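Asker: Structure, please.
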Amino acid sequence: MTVQIETGDGLAEAWVARPEDTERALPGVLLFMDAFGLRPQIREMAQRIADGGYVVLAPNVFHRSGSVEEIAPTADLREPEGRDRALEQAIPRMNELTPGLSRADTTRYLEALAELPGVAGDAPVGVIGYCMGARLALRAGGDHPDRVAAVGGFHGGGLVTEEPDSPHRSLASTRAAVLLRHADDDPSMPVEGMDVIASLAEDAGVDLGQSVYPGAPHGYSMADTAMYEPSAAERHFAELQAHLGRHLPA
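Answerer: Okay, the predicted model is just below:
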């Protein structure tokens, strides 16, 4: 199902996935896409997560740059050259999505998630993100500690910077349990950054599970790209479902 979410800068398309044949209210999960946008791969992943017993909302975080159709990749992401071309097109969109804009949008996404039919509106939610979406997920947990109970980030990049609004600093205010599964030998997420995350999480008393998938490249979960690594992708699904199951009331 496709919905339209009113933001401060117009409408954002979003996909909604839910299990079939259930009448009870379910926990909500907000899913932040990777840099290549909403496309069939994200829809399939949202549905697989939803089948575990959740209502999943996946918004087009690049709505200021165009509709889902307008910014959809035209190259074959399974070919390295096609993926590189698509990434070149995505980088300006990522740069335009400043922390201030994304945080305002996230507030609206969480409100829209709570208003969806079949969502336990007052219950805690999960927020998960892939690639650049992991940054948005961390910030959501820190900005909405009374609402977000579980955060998941997979092959996230740029989680630790020197900027005052670096995503990792959100660990200081979150009360969510945080699951981070990094890609192996990923220049965008070096070991030093992982150490910073671990230290801040320990100081803040955050329930953090952080590890690296050996041999898994950045983007390992995305079956429609050249970076897909099947064993890491399946492991991420299993660990994510366990994480959500532990921290979201069913």
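
Asker: beta partners for Leu30?
Answerer: Here Leu30 sits in beta bridges with Leu57, Val127, going by DSSP bridges.

Asker: What residues does it make contact with?
Answerer: 56-59, 106, 109-110, 113, 125-128, 137, 140 (C-beta atoms under 8 Å, 6 or more residues apart in numbering). C-betas here are computed from N, CA, C, even on glycine.

Asker: Glu6: how many residues sit nearby?
Answerer: 11 (other C-beta atoms under 10 Å).

Asker: confidence score at it?
Answerer: Here the pLDDT value assigned to Glu6 is 97.

Asker: That one bridge partners, please.
Answerer: With DSSP bridges as the rule, Glu6 is bridged to Leu11.

Asker: is it true that it touches Arg108?
Answerer: Yes: between Glu6 and Arg108 there is a contact under C-beta atoms under 8 Å: 7.0 Å.

Asker: SS state for the spatially most central residue of the chain?
Answerer: Centroid check for the chain by C-alpha atoms, centre = their mean gives Gly129 as the closest residue, at 1.3 Å. Three-state assignment for Gly129 (DSSP: H, G, I helix; E, B strand; the rest coil): strand.

Asker: Who are the contact partners of it?
Answerer: 31-32, 135-138, 152-154, 156.

Asker: Try it again at 6 Å.
Answerer: 32, 136-137, 153 (C-beta atoms under 6 Å, 6 or more residues apart in numbering).

Asker: Now, the residues you listed that are in strands?
Answerer: 32, 153 (DSSP state E).

Asker: Considering the contacts of Gly129, which is situated nearest to Leu77?
Answerer: Phe32 (18.1 Å; C-beta to C-beta).

Asker: Now do that closest one against Val151, distance only.
Answerer: 11 Å (C-beta to C-beta, to the nearest Å).
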